[in-house]
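[1] Sequence first, then the predicted structure:
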Amino acid sequence: MNRPPVRYRIITAAVLTIAALYFLVPVYWLIVSSTKSSADLFGTFGFWFAADPHPIDHLVDVLTYDHGIYARWFANSLLYAGIGAVSATLLSAAAGYALAKFPFRGREAVFNLVLAGVLIPGTALALPLYFLFSEMGLSNTYWAVLIPSVVSPFGVYLCRIYAAAAVPDSLLEAARLDGAGEARIFAGLGLRLMTPALVTVFLFQFVHIWNNYFLPLVMLSDSDLYPIQLGLTSWTGYADRQPVLYQYTVGGALLSVVPLMVLMTVLQRYWRTGLTEGGVKA
């Protein structure tokens, strides 16, 4: 196999290097800034460490400030993102599998409605959802954030496309001839064959819920229910009167990216496995 010309490889490496720097420089800034006091944040060079760094002490201060409210926000974010992402993944898998493998009248119309849902931004639905949940008496509760998070039109779309390509009809017919029910076929065969798509949906939905700011802002008024993003914003609102909150906000932002980094590291092998299997089948 012929290798591409050297100039193309150089251009590709340069573009990838620029992209990596674009994403990694903010993380580096967070790591550096988390070692500084509030005074050092504004009085020293932003991309180098303070003369006397105390990163562990600063992070402990973040976790213990105001009776450990940050730890509660962190737990709330894990609850919202964890339960919401798992539920959205299972719901998307079931809906996508059904749309791909069960012919019924109006199937394409339903799929077109799902595609329309992909095009609607979540911020446009926040206020209607707030009025709906207020009428139901569920505003300012965990349910006000959890229930909207279990719906992922993009997840349904991706699962339908992947199920149509990765789940052979012949395999399903063989399972039916062996006496397996549809629920068992879906749980035993469909979900296993759709694993790369399910991991993708889970990660996308987890990151979306974890970083979601506007929906909790509209739905929640009790600070004990806040996720991390909303809690850190509330700290910045008081930072003019309590400058130490600038440093706490930076430290809290650094801690907030740790779960996303761990998930990407742990789950990326499923993507590689899925791509490899697809290459072998081809």
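    In hand now; what should we look at?
[2] What's the separation between the residue nearest the centre of the chain and residue 138?
    Central residue of the chain (C-alpha atoms, centre = their mean): residue 207, 1.4 Å from the mean position. For residue 207, the distance to residue 138 equals 25 Å [C-beta to C-beta, to the nearest Å]. Every C-beta, even on glycine, is put in place using the N, C-alpha and C of the backbone.
[3] Which stretches in the protein count as helices?
    Using DSSP state H, the helices of the chain run over residues 6-33, 38-43, 55-101, 107-119, 122-136, 142-149, 153-166, 169-177, 182-185, 191-193, 195-211, 214-219, 228-238, 244-281.
[4] got a list of contacts for the second one?
    This means helix 38-43. Applying C-beta atoms under 8 Å, 6 or more residues apart in numbering, the contact partners of helix 38-43 are 33, 50, 243-247, 250.
[5] most neighbours, which of those?
    The member of the contacts of helix 38-43 surrounded by the most neighbours (other C-beta atoms under 10 Å) is residue 33, with 24 neighbours in all.
[6] so what's it up against?
    If you count contacts by C-beta under 8 Å, 6+ apart, residue 33 has them with 41, 46, 250, 254.
[7] Could you export stretch 34-54 as PDB, CA atoms only?
    The C-alpha atoms that make up stretch 34-54 are tabulated as PDB, following Å, rounded to 0.1, in the frame of the first residue of the first chain:
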ATOM      1  CA  SER A  34      -6.100  25.200  40.700                       C
ATOM      2  CA  THR A  35      -2.700  25.500  42.400                       C
ATOM      3  CA  LYS A  36      -3.100  29.200  43.000                       C
ATOM      4  CA  SER A  37      -4.900  31.300  45.600                       C
ATOM      5  CA  SER A  38      -7.400  33.900  44.500                       C
ATOM      6  CA  ALA A  39      -4.800  36.700  44.700                       C
ATOM      7  CA  ASP A  40      -2.400  34.600  42.500                       C
ATOM      8  CA  LEU A  41      -5.100  34.000  39.900                       C
ATOM      9  CA  PHE A  42      -5.000  37.700  39.100                       C
ATOM     10  CA  GLY A  43      -1.500  38.600  40.100                       C
ATOM     11  CA  THR A  44       0.600  35.900  38.300                       C
ATOM     12  CA  PHE A  45       1.100  34.700  34.800                       C
ATOM     13  CA  GLY A  46      -1.900  32.600  33.900                       C
ATOM     14  CA  PHE A  47      -0.100  29.700  32.200                       C
ATOM     15  CA  TRP A  48       2.500  29.000  34.900                       C
ATOM     16  CA  PHE A  49       2.300  27.700  38.500                       C
ATOM     17  CA  ALA A  50       2.400  29.900  41.600                       C
ATOM     18  CA  ALA A  51       5.600  30.300  43.500                       C
ATOM     19  CA  ASP A  52       4.200  28.300  46.400                       C
ATOM     20  CA  PRO A  53       1.500  26.000  45.000                       C
ATOM     21  CA  HIS A  54      -0.800  24.100  47.300                       C
END
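[8] That concludes my questions; thank you for your assistance.
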